[in-house]
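**Q** Below: sequence and its predicted model.
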Number of protein chains: 2
Amino acid sequence: MKRPTIADIAREAGVSKGAVSYALNGQPGVSPATRERILAVADRLNFHADSNARALAGAKARVVGLTLQRPPSTLGIEPFFMELISGVELELSRQSYALLLQMAPSRDEELAFYRRWFSEGRVDGVLVCDVRTGDPRIAVLEELGLPAVVIGPPDVSGRLPSAWSDDAQSMVEAVEYLAALGHRRVARVGGIPELAHTAIRTRAFTEVCARLSLAEAVTAPTDYSGESGARATRRLLTATTRPTAIIYDNDVMAVAGLTVAHELGIAVPSELSIVAWDDSPICRLLHPSLTALTRDIGGYGVAAARMLLAAVAGAPVESAHGAPAHLTPRGSTARHPAS
Amino acid sequence: MKRPTIADIAREAGVSKGAVSYALNGQPGVSPATRERILAVADRLNFHADSNARALAGAKARVVGLTLQRPPSTLGIEPFFMELISGVELELSRQSYALLLQMAPSRDEELAFYRRWFSEGRVDGVLVCDVRTGDPRIAVLEELGLPAVVIGPPDVSGRLPSAWSDDAQSMVEAVEYLAALGHRRVARVGGIPELAHTAIRTRAFTEVCARLSLAEAVTAPTDYSGESGARATRRLLTATTRPTAIIYDNDVMAVAGLTVAHELGIAVPSELSIVAWDDSPICRLLHPSLTALTRDIGGYGVAAARMLLAAVAGAPVESAHGAPAHLTPRGSTARHPAS
DNA sequence: CTGAAAGCGCTTACAG
DNA sequence: CTGAAAGCGCTTACAG
């Protein structure tokens, strides 16, 4: 099937190719009558400008890139990223942009993809996830001058704008809630320690526990997988003095934690309270349903995409703070000692 | 930052642009010595050919597209698709291809994306998911002549090659297993009825139940969400004669079903056996762990991507059958009446 | 084996 | 307001 070009349209409409381009892109330079005639022909021929030709001629590629670092063996993507991508897509579609998705086995390869995309002129900008302290990607992106938005805390995003919310505040809310329920030994099953937002949560957790004079605030590190969450929970619950409440850095691990408690014969919530950071349908479906720190993850995606497209368009873009995760109390938390 | 072009390389290496192109693409037309010199320069300048220019000049865009139909409100992507996408990416990366991911609110918009991608010259081919009987996308893709591979049963893929496995056989395996455990009233919480593979499973379920003289084989339709799975389970378990075993068309609904059973005070597996179609880490983590129909979803993605790239390269491609899902017995199934 | 040139389908100054 | 032309960075016949 032959695709129509602006030359076809120009011929049909009896104008020059330049006029067609101006009309199609809403640029001045053609009279309203001519414009309308051109658009009618384009519509009739079901014309869509070749994106390669447009990009080559200096217009935007109308594509942004997103890389996800994950070992090649890992199957699937965490719920967090699924929601994030949904949100990103929502905003991109709205502005007729497409998303190039790339899984990278390592941080180095992630960097290589950014460089390659830049060299190949494939993307107009990129989204950056899972930022670590001193993440080399920030400097490289700044150096390349490729528009980019960081989905993560602003203090590690360098001069790049970031979209995130205040994790420290949410952590304080969760711990204060547990303390108000009478818990004195609160533990945490944390995310990947190297990630910047994990560090922020850890610091906040330690500080608020100290401020409330709770027992030593233990954070068990994990890789975010259900398996590692289960292992960490087992270790915490079989220690000599076990915690009466555990905060999990994601919902997958909280589900695993609930199962481990069952398995050890520890009743939730009467003997153990559980809080999941990030809410998901499964938190509501379980029995007991999980108390969660709820946030609009898709909203992060929408915001980040919007900021990125603004940056691509050359507008000055500032970091945006979304609403912090807020506590949604459900059946997995209760007073301690349970009354 | 200025990106190097083949002109820069040609100048540095003291050859023509044509020679650079031939050398870079492994084409004949340059002597080994010249080729090596050119490649060395390209490497030193960290050169990557502009993909827009390449595609415009008639080479491949090195991008394939994948659309996912989902209502705009839906957050997240089902585990099945995450695994599938992981597999697709794995193979695409291997061949230096990128993936354009697009969520479409409706079937019509999905079609519009295919057409647009084709017109814009954005993709070399597309992957097609969630095929229905008489799906209009098949005919459109055949008409456009855009290389495409269907991830779904071959009997609805028209002349397009498909990657899938025999769902009927797996369904038979699951029902025979339950019958062997003594179950006579087996129900099913099925997926979206319009999808071709759902229809195949439903037919197989009905047939095998009849063959084994089991009670009327009821399939409750759902939209694959945990919520709809929970509702369907509640209905089945509160009917006058309730089933003693339920097969769920995905893991999310099986988890929801287990929770509903708990909630109604029906013990799993002693009073109710549960089988999940598609296995996932959560099936193993739950208590009891879920008996599942396990299949290599990522493998479908790998196979489909490989077939698509072969088709893009102009090779004849035949539909491929992967290994069918096989039963992985775990704690959620037992003899009935439980001994 | 190599070089010079046309052409892919656009966009965008530049003249009229 | 419009047309003719250059140019984006490649690939690929076509001559030498």
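**A** Nice, thanks for sending it over.
**Q** how close does the residue in the stretch 151-300 of chain A that DNA strand C sits nearest to sit to residue A:124?
**A** Nearest to DNA strand C in the stretch 151-300 of chain A, going by C-beta to the nearest atom of the strand, is residue A:161, at a distance of 24.3 Å. Just so you know, the C-beta spots here come from the backbone N, C-alpha and C atoms, and that holds for glycine as well. Distance, residue A:161 to residue A:124, by C-beta to C-beta, to the nearest Å: 15 Å.
**Q** Could you do residue A:170 as well?
**A** Distance of residue A:170 to residue A:124, given as C-beta to C-beta: 33 Å.
**Q** Residues of the stretch 51-200 of chain A that sit close to DNA strand D?
**A** Contact residues, the stretch 51-200 of chain A versus DNA strand D (C-beta under 7 Å from any atom of the strand): A:53, A:56-58.
**Q** By neighbours, which of the residues you listed wins?
**A** residue A:56 (19 neighbours; other C-beta atoms under 10 Å in any protein chain shown).
**Q** Next up, the contacts around the residue nearest to residue A:286 when sequence neighbours are not counted.
**A** Spatial nearest neighbour of residue A:286, chain neighbours left out: residue B:259 (5.8 Å); criterion: C-beta to C-beta, 6 or more residues apart in numbering or on different chains. Going by C-beta atoms under 8 Å, 6 or more residues apart in numbering or on different chains, residue B:259 touches A:285-287, B:230.
**Q** Show the pLDDT at residue B:259.
**A** pLDDT recorded at residue B:259 is 92.
**Q** tell me the SS of it?
**A** helix (DSSP: H, G, I helix; E, B strand; the rest coil).
**Q** hey, where'd the helices end up in the stretch 101-250 of chain A?
**A** A:107-120, A:136-144, A:167-180, A:196-211, A:226-237 (DSSP state H, counting those that start in this stretch).
**Q** now the ones you listed in JSON lines, with distance to residue B:213, mean neighbour count and mean pLDDT?
**A** Written out in JSON lines, the entries for these read as follows (distance: least, C-beta to C-beta, whole Å; neighbours: other C-beta atoms under 10 Å in any protein chain shown; pLDDT from 0 to 100):
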{"stretch": "helix A:107-120", "distance to residue B:213": "57", "mean neighbour count": "19", "mean pLDDT": "94"}
{"stretch": "helix A:136-144", "distance to residue B:213": "63", "mean neighbour count": "17", "mean pLDDT": "95"}
{"stretch": "helix A:167-180", "distance to residue B:213": "55", "mean neighbour count": "20", "mean pLDDT": "98"}
{"stretch": "helix A:196-211", "distance to residue B:213": "57", "mean neighbour count": "19", "mean pLDDT": "98"}
{"stretch": "helix A:226-237", "distance to residue B:213": "40", "mean neighbour count": "21", "mean pLDDT": "96"}
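**Q** residue of the stretch 101-250 of chain A with the smallest distance to DNA strand C?
**A** The minimum distance from the stretch 101-250 of chain A to DNA strand C, using C-beta to the nearest atom of the strand, falls at residue A:121 (11.8 Å).
**Q** For DNA strand D, give me its nearest residue in the stretch 1-150 of chain A.
**A** For the stretch 1-150 of chain A, C-beta to the nearest atom of the strand, closest residue to DNA strand D: residue A:18, 2.8 Å.
**Q** State the pLDDT value of the residue lying closest to that residue once chain neighbours are set aside.
**A** Distances taken as C-beta to C-beta, 6+ apart place residue A:29 nearest to residue A:18, at 7.8 Å, with adjacent residues excluded. pLDDT, residue A:29: 81.
**Q** contacting residues for residue A:63?
**A** Shown in contact with residue A:63 (C-beta under 8 Å, 6+ apart): A:51, A:97-100, A:122-124, B:100.
**Q** Out of the residues you listed, which sit inside strands?
**A** Members of the contacts of residue A:63 lying in strands (criterion: DSSP state E): A:98-100, B:100.
**Q** Now rank these by neighbours and give me the top one.
**A** In those, the most neighbours by other C-beta under 10 Å go to residue A:98, 26 neighbours.
**Q** Mind jotting down where the strands sit in chain A?
**A** Using DSSP E, strands in chain A cover A:63-69, A:98-104, A:125-128, A:148-151, A:162-164, A:186-189, A:218-220, A:245-248, A:273-277, A:291-294, A:320-321, A:326-328.
**Q** which of those strands sits most buried?
**A** strand A:245-248 (a mean of 30; mean count of other C-beta atoms under 10 Å in any protein chain shown).
**Q** so what does that strand touch, helix or strand wise?
**A** helix A:167-180, strand A:186-189, helix A:226-237, helix A:251-263, strand A:273-277 (3 or more C-beta pairs under 8 Å, 6 or more residues apart in numbering or on different chains; DSSP states H and E).
**Q** Mind listing residues that contact the first one?
**A** In other words, helix A:167-180. Outside helix A:167-180, the residues that reach it (C-beta under 8 Å, 6+ apart) are A:153, A:186, A:197, A:200-201, A:203-205, A:208-209, A:212, A:214, A:245, A:247, A:273, A:275, A:277, A:293, A:295, A:324-327, A:329, A:333.
**Q** hmm, 7 Å instead?
**A** Helix A:167-180 is contacted from outside by A:186, A:197, A:200-201, A:204-205, A:208-209, A:212, A:214, A:245, A:247, A:273, A:275, A:293, A:324-327, using C-beta atoms under 7 Å, 6 or more residues apart in numbering or on different chains.
**Q** Just the C-alpha atoms of it, please, in PDB.
**A** Backbone C-alpha positions of helix A:167-180 (Å, rounded to 0.1, in the frame of the first residue of the first chain) are rendered in PDB as follows:
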ATOM      1  CA  ASP A 167       8.500  10.400  51.400                       C
ATOM      2  CA  ALA A 168       9.800  11.500  54.700                       C
ATOM      3  CA  GLN A 169       6.400  13.100  55.600                       C
ATOM      4  CA  SER A 170       4.500   9.900  54.800                       C
ATOM      5  CA  MET A 171       6.900   7.800  56.800                       C
ATOM      6  CA  VAL A 172       6.400  10.000  59.800                       C
ATOM      7  CA  GLU A 173       2.600   9.700  59.400                       C
ATOM      8  CA  ALA A 174       2.900   5.900  59.300                       C
ATOM      9  CA  VAL A 175       5.100   5.600  62.400                       C
ATOM     10  CA  GLU A 176       3.200   8.200  64.400                       C
ATOM     11  CA  TYR A 177       0.000   6.200  63.600                       C
ATOM     12  CA  LEU A 178       1.600   3.000  64.800                       C
ATOM     13  CA  ALA A 179       2.900   4.700  67.900                       C
ATOM     14  CA  ALA A 180      -0.500   6.100  68.600                       C
END
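**Q** The most centrally placed residue in chain A: what's it in contact with?
**A** In chain A, the centroid-proximal residue (C-alpha atoms, centre = their mean) is residue A:84; its distance is 4.4 Å. Neighbouring residues of residue A:84 by C-beta under 7 Å, 6+ apart: A:151, A:297, A:300-301.
**Q** Just the closest of those to residue A:88, please.
**A** Each of these was checked against residue A:88 using C-beta to C-beta; the closest is residue A:301, at 3.9 Å.
**Q** List the contacts of the spatially closest residue to residue A:136 that is not a sequence neighbour.
**A** Leaving out its chain neighbours, the residue that sits closest to residue A:136 by C-beta to C-beta, 6+ apart is residue A:111, at 6.5 Å. Counting by C-beta under 7 Å, 6+ apart, residue A:111 touches A:136-137, A:140.
**Q** Is it possible to get TSV of these that adds distance to residue B:129?
**A** Formatted as TSV, the contacts of residue A:111 follow (distance: C-beta to C-beta, whole Å):
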residue	distance to residue B:129
A:136	36
A:137	31
A:140	34
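**Q** and the nearest residue to residue A:304 once chain neighbours are set aside, what does it touch?
**A** Nearest non-adjacent residue to residue A:304, counting by C-beta to C-beta, 6+ apart: residue A:163, 4.2 Å away. When contacts are counted by C-beta under 7 Å, 6+ apart, residue A:163 touches A:149, A:151, A:300, A:303-304, A:307, A:320, A:322.
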